[in-house]
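**Q** Curious how this folds, go ahead:
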Amino acid sequence: MARNSFYRVKLRRRREGKTDYHARKAMVVSERPRLVPRFSAKNVSIQIVISKVSGDEVIAAAHSKELKKKYNWKAPTGNIPAAYLTGLICGYKAKNKAVKNAILDIGLINPTKGSKIFAALNGVIDAGIEVPYDEKKIVKGRIDGTHIAKYGNSMEADSEAYSAKFAKYLEQKISPKDLPEHFSKIKSEIINSFKNGGKKT
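**A** Residues are numbered from 1 along each chain as shown. Here you go, the predicted structure:
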């Protein structure tokens, strides 16, 4: 295809759909730490990062695998409750590093209401880090897994479909309907661990 003399090839990460450079510039210029949540189907990773001339520096980070290793989380580590709890851990770690506020950096992810992004954000905020956000984006009834429990109850009559859908839960000997209670227990353990210097007692 012919190009005129003013045509410029877009930067590689923009071509690959990984970075919005206009948004990135605005965040860097603000000189505030960036809250960076990223997700896969199975896990959640959250970092609080500051930009320096030499490159990004991670101040605090948490991964959903910590939930299983340190807190005996029995549900999947890629769902909305896990995103909240991972955000809570990251928020407390950042607070211990004297971070008081941050701005949300979601990259090119679509900011869907009630999604894992905002569950993770809510966890960071509940740990005491100030982050500007739209309250309408956070759906409280999803954070503790109430929606998963209700869905599990609706499927329980169809044992075959239930077993297939919630195989990961059943492997860990936890029922979906017990998820909100399990979530509350793990949340309390996380809060108490950081009251004791970030170590489980």
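**Q** so Leu88 touches Val124, yeah?
**A** Yes - using CB atoms under 8 Å, Leu88 makes contact with Val124 at a distance of 7.3 Å. Using the backbone N, CA and C atoms, a C-beta is placed for each residue, glycine as well.
**Q** the more surrounded of these two?
**A** Taking neighbours as other CB atoms under 10 Å, Leu88 and Val124 compare with Val124 leading, 32 against 25.
**Q** what sits against that one?
**A** By CB atoms under 8 Å, 6 or more residues apart in numbering, the residues touching Val124 are 35, 46, 48, 87-88, 90-91, 94, 102, 131.
**Q** Can you pull the phi and psi angles for Asn43?
**A** phi -140, psi 170 (degrees, to the nearest 10).
**Q** Apologies, that question was intended for Val99.
**A** Torsion angles, degrees, to the nearest 10, at Val99: phi -80, psi 130.
**Q** so what's it scoring on pLDDT?
**A** If you check Val99, the pLDDT there is 96.
**Q** contacting residues for it?
**A** 33, 48, 59-60, 129.
**Q** now do Asn101
**A** Contacts of Asn101 (CB under 8 Å, 6+ apart): 32-33, 129-131.
**Q** these two touch, right, Pro33 and Val49?
**A** Yes - using CB under 8 Å, Pro33 makes contact with Val49 at a distance of 6.6 Å.
**Q** Between the two, which is the more surrounded one?
**A** Pro33 (25 against 19).
**Q** Can you give me the neighbour number for the closest residue to the more buried one other than its chain neighbours?
**A** Spatial nearest neighbour of Pro33, excluding adjacent residues (CB to CB, 6 or more residues apart in numbering): Ala102 at 4.3 Å. Per other CB under 10 Å, the neighbour tally for Ala102 reads 27.
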